[in-house]
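Visitor: Sequence and predicted structure are below.
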Amino acid sequence: MGRAKRLIWLVSSLASVCACGQFFNINAEGELCLNPGTMGLREVLVFKDPGTYQFRRADYPWLARVRVQVQGGGGGSAGADAAQDETITRPGGAGGGYSMSLLEADLLGDVETIVVGAGGSAGEGNNAGGAGGASSFAGIVLATGGDGSPANMTSGTSLNTQVGVPGSAIGTGQLTYGGSAGGTAIRLSGSLGVSGSGGDSRFGYGGFARSNDGVGTYSRGYGAGAGGAASIGGNRNDGAPGGNGLVMLELFG
């Protein structure tokens with residue numbers, strides 16, 4: 001037996017004795033190798049900008065499974081434009097939904113589509129905020145977007161309350177839940193009122209409620225709803241956009 005072959009035989013023998021077969025194997029060349037699916041988390045992909053992307057299975061030949069988390073976009077808030085010496089306050093937009101699944105790589109196609117939903121648009125003047133877009137992976141895991149806040153309070157000076165929109169609907173996946181509802185808007189008089197806060201999401205916090213005259217408030221993080229605008233005394237204040245969605249892929253080898 002040649003020296004090189006003796007060395008390979010020795011390494012192979014030691015590996016077969018010392019290595020745990022659950023995690024390692026010896027290939028035909030006598031190399032000590034990890035068993036597929038036992039390498040743990042190897043890479044994390046995060047898609048944060050609204051749009052459509054593609055995931056190519058061939059780019060990750062070692063892939064055994066993928067944990068998918070999708071966050072829908074948050075709802076935008078309505079604008080407010082009260083008459084002189086009157087008040088309008090607006091509810092907050094709803095937070096987007098969240099879904100999660102752990103998928104075996106064998107279940108994936110060669111190319112899968114990723115969609116990141118945009119946050120809902122800001123309402124201008126006395127117009128409602130827009131709804132957030134849905135986010136998804138492979139058409140299997142989907143999270144819905146949150147509704148925008150309505151322009152449901154008329155200009156005035158008397159006590160008035162308007163509830164926010166309900167939280168987003170349940171999507172699809174192994175674990176799913178909707179975002180939080182938009183907060184309630186309150187008018188106390190022609191010079192006093194409180195707008196509604198935006199609904200929270202799995203990855204973000206809604207915009208704050210305001211008790212002074214001003215535009216809608218931005219959410220923090222991803223997928224939360226915008227806080228409502230307040231027109232106190234007659235100034236025009238537009239709403240704010242909701243938070244964009246998110247898709248996160250945790251790749252396990």
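Guide: Noted; the coordinates are in hand.

Visitor: how's the protein carved up into domains?
Guide: Taking automatic domain parsing as the reference, the chain has its domains at 3-34, 41-252.

Visitor: Packed most tightly, which of those would that be?
Guide: domain 41-252 (a mean of 24; mean count of other CB atoms under 10 Å). Just so you know, the C-beta spots here come from the backbone N, C-alpha and C atoms, and that holds for glycine as well.

Visitor: So what's the gap between that one and the chain middle?
Guide: 8 Å (CA atoms, centre = their mean, to the nearest Å).

Visitor: what is the mean pLDDT for it?
Guide: Domain 41-252 shows a mean pLDDT of 97 in the predicted model.

Visitor: Quick check, residue 102 in contact with residue 173.
Guide: No - between residue 102 and residue 173 there is no contact under CB atoms under 8 Å: 9.7 Å.

Visitor: where do the contact lists of those two overlap?
Guide: Common neighbours of residue 102 and residue 173, counting by CB atoms under 8 Å, 6 or more residues apart in numbering, are residue 68.

Visitor: which residues touch the residue most central in space within the chain?
Guide: Centroid check for the chain by CA atoms, centre = their mean gives residue 71 as the closest residue, at 2.2 Å. Going by CB under 8 Å, 6+ apart, residue 71 touches 96-98, 135, 143, 201-204, 222-223, 245-247.

Visitor: which ones are touching residue 223?
Guide: Counting by CB under 8 Å, 6+ apart, residue 223 has contacts 71-74, 95-96, 98, 119, 132, 143, 146, 179, 201-204, 242-246.

Visitor: redo that, cut-off 10 Å
Guide: Applying CB atoms under 10 Å, 6 or more residues apart in numbering, we find residue 223 in contact with 70-75, 95-98, 117, 119, 132, 135, 143, 145-146, 168, 179, 199-204, 206, 242-246.

Visitor: Likewise for residue 131?
Guide: Applying CB under 10 Å, 6+ apart, the residues near residue 131 are 72-76, 93-94, 96, 117-121, 144-148, 165, 168, 242.

Visitor: Would you give the sheet partners of the helix or strand harbouring residue 68, along with the direction of each?
Guide: Using DSSP states H and E, residue 68 falls within strand 65-71. As defined by DSSP bridges, the strand partners of strand 65-71 come to strand 98-104 (antiparallel), strand 246-252 (antiparallel).
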